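Chemist: Could you look at this predicted model? Sequence included:
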Amino acid sequence: MNSLAVLMLGDQPDVWAWLVHCWAKRVKKSEDNKRYRKVNAAQIKQRRKEQHARHPFVTRNRAAKWYEENTERAKNNAKSRHQLSVCAAAPRPRPDICECCGKTQPGRALSFDHCHDSGEFRGWLCVQCNVGIGALGDTEEGLMRAIAYLKKAKA
């Protein structure tokens, strides 16, 4: 027992009983919350999506604020969750230039590009190329439609 607590409370069984009761309630509530979140994970996820749809700036601001306060933690989480496993699966080391546009991005790592159907590694891309290819559907047809659009707009 903490000697400071004994000095403050002394020999007061009713106070000790109350403190133990509060502690037990807190533990039980925590366990109940964990159990509830596990059982109702799908409903919780759906409510969060709906809340984000109604108030996108609130959730974005909350996420941005958390990231600002926990930048190192967020970077470490991303590295441990994604980058280490991805880089280990790459058949060749990460180069310094994007394999699509040929540009370098100082201070930014290239992205691991892969086929979403087979999971097969395709190459190392800068963020812009990776997002662009993904936005066009990861298909040659999507790229050809974009090329046709640009040619039509140019004429």
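Modeler: Noted; the coordinates are in hand. Numbers count the residues shown, from 1 in each chain.

Chemist: going forward, measure contacts and count neighbours with C-alpha atoms only.
Modeler: Will do.

Chemist: any idea how far the lengthiest helix in the chain is from the chain center?
Modeler: Longest helix in the chain, counting residues (DSSP state H): helix 13-39. With C-alpha atoms, centre = their mean, to the nearest Å as the basis, helix 13-39 stands 31 Å off its chain's centre.

Chemist: what's stretch 55-72 in contact with?
Modeler: 52, 74 (C-alpha atoms under 8 Å, 6 or more residues apart in numbering).

Chemist: Just the C-alphas of it, formatted as CSV.
Modeler: Output in CSV follows, covering the C-alpha atoms of stretch 55-72 (Å, rounded to 0.1, in the frame of the first residue of the first chain):
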residue,chain,number,x,y,z
HIS,A,55,-19.3,16.1,-40.5
PRO,A,56,-16.2,15.3,-42.6
PHE,A,57,-14.2,18.4,-41.4
VAL,A,58,-14.7,17.5,-37.8
THR,A,59,-13.2,14.0,-38.2
ARG,A,60,-10.4,15.3,-40.5
ASN,A,61,-9.6,18.1,-38.0
ARG,A,62,-9.5,15.5,-35.2
ALA,A,63,-7.2,13.2,-37.2
ALA,A,64,-5.0,16.1,-38.2
LYS,A,65,-4.8,17.3,-34.6
TRP,A,66,-3.9,13.8,-33.4
TYR,A,67,-1.2,13.5,-36.1
GLU,A,68,0.2,16.9,-35.2
GLU,A,69,0.5,15.8,-31.5
ASN,A,70,1.7,12.3,-32.3
THR,A,71,3.8,12.7,-35.5
GLU,A,72,6.6,10.3,-34.4
